[in-house]
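# Just to be clear, the model below is a prediction. Sequence and coordinates:
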Amino acid sequence: MELPERRRAILKIIVAEYIASGNPVASDVIARGHSLGISPATTRHEMASLEEDGYIVRPHTSAGGVPSDKGYRYYVECLIKESRLREEDQLAIRRFFYEAEQEPEAWARLAVNILTRKLEGIAIATLPRAQVCRFRHADLVALQDALVLLVMVLQDGEIKKRVFLTEEVVSQDQLTVWANKMNTTYQGLSRQQIERQNLDLSPIEKEIAEVITQTMEADDKHEHEQFFLDGWRHLVKQAGFVKGRRMLDLVEALEEKRVLVSLMKSLRKGSGIKVTIGNENEEQALRDCTVILSNYGVEERRGAIGVIGPTRMPYNMAIPTVDYVSAVMSDLMSRMPA
């Protein structure tokens, strides 16, 4: 819904003033503190319309206005969409990343550190990886009797190891022959593609192929379970925005991987910044929070970063910061060898 120009200006002032102070914004503060060229009576009339349409609420009848989730949503989509990070902030962020160890885990840790310090909220980051893992290379090592070690390298460089028993003792030379055969046949394939291969395999070769696909299936199920999280101190400092039992629910939700995994998986449906405000969050424990997430990475190998904080969040700083950090990480990923 498009608001009239004057009402847009008043809503923008209310949201910005409330984010800065945490106090309800009175009509006389708007009329006297800003050059809108309207009287206090007109300001009160416009605020009444904003309240009637659900953009603001009042803690009690005589209080000033407080943005509702709908008001924050309009502010994010219509009033600050052109916000950009200052050039000096962009330069500082780029310098941090270029001076860090040049590998994805260091970048994910650094992203969490930067977002936590700049935005004073909970920050999260996952390591970049493909939604579906792909086979790159495998070695088979004879250990003892019928015990065999599988060392498998996935397409994104991740290494998987698994020890298993074969039905009979097999020589190292024979294991090497079978490993070479699978390296030639399975190169670049997903688990599903490997399972659809109609190869003439011996019983032990089939057994080895099953170990490979089972290992890849387990890896696919744990797609978003490795992440970094920091900022608990800021959650404690801002305890006023979530009180009592709801704060305990929020802490428990953040400690459970399930909630964070669900947030990260929600990014699969699109790219770019995703902002979820208050009751827009599916997770009950996040209903007093805003969650800002973004993908980063190249092609299939992607991760996610984001912040969780109060709905009274400095959106004009938080959104461009998350956006810029993810862009820098994507740029660094694009320079890595395939």
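Everything's here; your move.
# show me where the stretch 1-150 of the chain has strands.
Listed in chain order, the strands of the stretch 1-150 of the chain (DSSP state E, counting those that start in this stretch) span 56-57, 66-67, 122-126, 135-144, 147-154.
# Just say which of the ones you listed is most tucked in.
strand 122-126 (a mean of 27; mean count of other C-beta atoms under 10 Å). Yep, even glycine has a C-beta here, placed from its N, CA and C like the rest.
# rewinding a little: quick check: which of the strands of the stretch 1-150 of the chain is nearest to Thr213?
Thr213 sits nearest to strand 135-144 of all the strands of the stretch 1-150 of the chain, at 9.2 Å, using C-beta to C-beta.
# who does that closest one pair up with?
strand 147-154 (antiparallel) (DSSP bridges).
# outside of the strand it pairs with, which residues touch it?
Identification of contacts with strand 147-154 by C-beta atoms under 8 Å, 6 or more residues apart in numbering yields 133-143, 159-166, 170, 175, 208, 211-212, 215-216, 219.
# and the angle from the helix or strand encompassing Val322 to strand 122-126?
Assessed by DSSP states H and E, Val322 sits inside helix 315-334. In terms of direction (axes from the mean of the first three to the mean of the last three C-alpha atoms, to 10 degrees), helix 315-334 departs from strand 122-126 by 20 degrees.
# who are the neighbours in contact with Ile273?
Neighbours of Ile273 in contact, by C-beta under 8 Å, 6+ apart: Ile292, Leu293, Ser294, Ile319, Val322, Asp323.
# mind checking the SS state of Phe228?
strand (DSSP: H, G, I helix; E, B strand; the rest coil).
# Now do the same contact list for it.
Ala108, Arg109, Val112, Ile124, Ala125, Thr126 are the contacts of Phe228 under C-beta under 8 Å, 6+ apart.
# which helices and strands does the helix holding Val322 pack with?
helix 87-99, helix 104-119, strand 273-277, strand 289-298, strand 301-310 (3 or more C-beta pairs under 8 Å, 6 or more residues apart in numbering; DSSP states H and E).
# can I get those in CSV with distance to Leu11 and mean pLDDT?
Below are those laid out as CSV (distance: least, C-beta to C-beta, whole Å; pLDDT from 0 to 100):
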stretch, distance to Leu11, mean pLDDT
helix 87-99, 27, 95
helix 104-119, 23, 94
strand 273-277, 15, 92
strand 289-298, 17, 92
strand 301-310, 19, 89
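# Go through those and name the closest to Thr43.
Using C-beta to C-beta, the nearest of those to Thr43 is strand 273-277, at 25.2 Å.
# Burial check on Pro203, number of neighbours?
Residues near Pro203, counting by other C-beta atoms under 10 Å, number 10.
# go on, Thr290?
Thr290, neighbours per other C-beta under 10 Å, totals 24.
# Spit out the contact partners of it.
Counted by C-beta under 8 Å, 6+ apart, Thr290 has contacts Tyr72, Val275, Thr276, Ile277, Gly278, Ile308, Gly309, Pro310, Thr311, Met313, Tyr315.
# so what's the fifth one up against?
Looking back up the chat, that one is Gly278. Asp69, Tyr72, Arg287, Asp288, Cys289, Thr290, Thr311.
# for the residues you listed, which one is nearest Leu3?
Tyr72 (14.1 Å).
# Name whatever forms a beta bridge with the closest residue in space to that closest one that isn't next to it in sequence.
Closest residue to Tyr72 apart from its sequence neighbours, by C-beta to C-beta, 6 or more residues apart in numbering: Ile277 at 4.9 Å. Beta-bridge pairing of Ile277 under DSSP bridges involves Thr290.
# coming back round to it: can I get the helix holding Val322 in PDB? Just the C-alpha atoms.
Extracted C-alpha coordinates of helix 315-334, given in PDB (Å, rounded to 0.1, in the frame of the first residue of the first chain):
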ATOM      1  CA  TYR A 315      18.000  -1.100   9.500                       C
ATOM      2  CA  ASN A 316      19.700   1.700   7.500                       C
ATOM      3  CA  MET A 317      23.100   0.400   8.800                       C
ATOM      4  CA  ALA A 318      22.300  -3.400   9.300                       C
ATOM      5  CA  ILE A 319      20.900  -4.100   5.800                       C
ATOM      6  CA  PRO A 320      23.800  -2.500   3.800                       C
ATOM      7  CA  THR A 321      26.400  -4.000   6.200                       C
ATOM      8  CA  VAL A 322      25.100  -7.600   5.800                       C
ATOM      9  CA  ASP A 323      24.800  -7.000   2.000                       C
ATOM     10  CA  TYR A 324      28.300  -5.600   1.600                       C
ATOM     11  CA  VAL A 325      30.000  -8.200   3.800                       C
ATOM     12  CA  SER A 326      28.300 -11.000   1.700                       C
ATOM     13  CA  ALA A 327      29.400  -9.300  -1.500                       C
ATOM     14  CA  VAL A 328      33.100  -9.200  -0.400                       C
ATOM     15  CA  MET A 329      32.900 -12.800   0.600                       C
ATOM     16  CA  SER A 330      31.400 -13.800  -2.800                       C
ATOM     17  CA  ASP A 331      34.200 -11.800  -4.500                       C
ATOM     18  CA  LEU A 332      36.900 -13.700  -2.500                       C
ATOM     19  CA  MET A 333      35.200 -17.000  -3.200                       C
ATOM     20  CA  SER A 334      35.200 -16.300  -7.000                       C
END
